[in-house]
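Undergrad: Could you look at this predicted model? Sequence included:
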Amino acid sequence: MKHSLQERIRAVRGCIEGLGAARQVRTWLDIGSADGLLAQGVQAGIPGPVCVYALDMDRQLLTYNPYFAIKADCTRMPFLDECFDLITAAAVIEHLADPQRFLHECRRVLKPGGLLVLTCPAPFFDWLATKIGYLKDAGHLARYSLKDLRRMCAAAGFETAAARRFMISPVRFPGVQRLEALFSRKGLDVCMLNQVVAAIKTKNI
């Protein structure tokens with residue numbers, strides 16, 4: 001499994017478990033699910049039975065997805081209101097032409113008090129990686145800081161419960177997680193390459 005995917009799994013699981021939400025999850029939507037590897041990694045930290053839906057625009061990738069796979073636009077989701085306890089969307093929002101509509105759709109299909117967990121690259125890393133060709137043709141339409149993501153979530157009717165940077169390196173090496181923990185303790189997380197935000201659906205917008 002790619003290091004970047006492992007790190008996103010760890011970050012998303014960390015938010016869900018850290019907020020004590022894992023035991024409340026019975027219905028879950030994984031947006032941008034592709035082959036379902038992220039959802040499978042995250043599900044290992046969720047006890048009890050859970051019904052998982054996988055949404056993506058790539059029908060071919062969804063053929064490998066082990067969950068209830070649905071090809072659809074995440075800004076116009078084919079679900080009734082208040083269906084899900086949890087939505088995950090890793091490396092999705094930076095690809096969207098209308099991210100605010102996407103966040104409003106997430107709020108619509110989440111139950112009251114439901115949790116949204118999303119990730120996206122840190123702006124400087126995204127810019128640098130694009131310049132040197134590491135993220136060439138990645139299809140990123142915008143760059144967002146944690147401040148941007150918190151503001152956008154608030155505008156869509158979410159309260160941010162956790163927000164942090166993670167992933168000190170795009171490749172794995174011995175001791176990488178210990179180094180990341182050290183950087184976090186020293187307040188040097190500005191050097192990290194990715195970001196995760198966990199936001200709770202509030203009663204009112």
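TA: Cool, the structure landed.

Undergrad: from what I can see, residue 127 looks like it's in a helix, true?
TA: Yes - assessed by DSSP: H, G, I helix; E, B strand; the rest coil, residue 127 belongs to a helix.

Undergrad: for residue 101, what are its contacts?
TA: Counting by CB atoms under 8 Å, 6 or more residues apart in numbering, residue 101 makes contact with residue 75. No exception for glycine: its C-beta is placed from N, CA and C like everyone else's.

Undergrad: Which SSE is immediately downstream of the helix or strand where it lies?
TA: Under the assignment given by DSSP states H and E, the secondary-structure element containing residue 101 is helix 99-109. Sequence order places strand 110-121 as the next helix or strand after helix 99-109, per DSSP H and E.

Undergrad: Please enumerate the strands of the protein.
TA: Secondary structure of the chain (DSSP state E): strands located at 27-31, 51-56, 68-71, 84-90, 110-121, 158-166, 194-201.

Undergrad: quick one, which of those is nearest to residue 77?
TA: strand 51-56 (6.8 Å; CB to CB).

Undergrad: Can you give the strand pairings for the closest one, parallel or anti for each?
TA: Within its sheet, strand 51-56 is paired with strand 27-31 (parallel), strand 68-71 (parallel), according to DSSP bridges.

Undergrad: Tell me, how many residues neighbour residue 111?
TA: Here the neighbour count serves as a burial measure; for residue 111 (other CB atoms under 10 Å) it reads 16.
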